[in-house]
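>>> give me a 3D structure for the following:
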Amino acid sequence: MKKRFNPIKDKSSEIIEFVMSSPDIPDDDVLKFKLRLSIEEAVENVVRYAYDGGIGWLETNIDFNQDTLLLTIQLRDAGVPFNPLEKEDPDLTLSAEDRNIGGLGIFLCKKMMDNIEYRYEDGNNVLTMTKRVQG
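All right, here's what the predicted structure looks like:
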């Protein structure tokens with residue numbers, strides 16, 4: 001299931017709901033929570049930071065491989081090159097007041113998904129998140 005949103009300004013909720021409405025998303029509340037949290041964080045990062053004023057596009061692609069039971073969610077945009085995986089994980093031993101701002105959402109994505117990969121390809125940011133699901 002693939003769709004391009006253009007422009008993305010003020011469309012975070014619409015993009016997230018589109019991805020979550022995919023028939024490839026299993027009907028499992030715990031899994032849906034993990035997926036939604038990861039998708040929200042990734043989409044919000046693109047909408048807020050990839051383009052000046054949110055004038056740009058975001059393409060979503062959701063795929064489920066029946067053989068491997070692997071759900072793949074890919075986000076592609078042509079915004080400012082940014083690898084969210086390079087950001088250092090927050091030090092959770094520190095109090096919220098003593099931690100640096102930012103980075104917690106990507107950290108949670110890494111914990112909720114089985115794998116997250118980033119690449120910059122043909123002038124596009126490509127973030128691929130995968131999660132193994134029950135059949």
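>>> and the helix or strand of the chain with the lowest mean pLDDT, what does it pack against?
The helix or strand of the chain with the poorest confidence is helix 104-112; it has a mean of 83 (mean pLDDT, DSSP states H and E). Judged by 3 or more Cβ pairs under 8 Å, 6 or more residues apart in numbering; DSSP states H and E, helix 104-112 is in contact with helix 29-45. Glycine gets a C-beta too; all of them are placed from N, C-alpha and C.
>>> what residues of the helix it packs on count as buried?
Across helix 29-45, burial judged by 16 or more other Cβ atoms under 10 Å covers 31, 34-43, 45.
>>> can you put those residues in a markdown table and add distance to residue 75?
Formatted as a markdown table, the buried residues of helix 29-45 follow (distance: Cβ to Cβ, whole Å):
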| residue | distance to residue 75 |
| --- | --- |
| 31 | 19 |
| 34 | 16 |
| 35 | 13 |
| 36 | 14 |
| 37 | 15 |
| 38 | 10 |
| 39 | 8 |
| 40 | 12 |
| 41 | 11 |
| 42 | 6 |
| 43 | 7 |
| 45 | 9 |
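>>> quick one, which of those residues has the minimum pLDDT?
Across the buried residues of helix 29-45, the bottom pLDDT score, 89, is held by residue 45.
>>> OK, contacts around that one?
Listed by Cβ atoms under 8 Å, 6 or more residues apart in numbering, the contact partners of residue 45 are 82, 84, 105-106.
>>> 10 Å instead, please
75, 77, 79, 82, 84, 102, 105-106, 109, 125, 127 (Cβ atoms under 10 Å, 6 or more residues apart in numbering).
>>> any idea how far residue 123 is from the residue positioned nearest the centre of the chain?
Centroid check for the chain by Cα atoms, centre = their mean gives residue 42 as the closest residue, at 3.1 Å. Distance, residue 42 to residue 123, by Cβ to Cβ, to the nearest Å: 19 Å.
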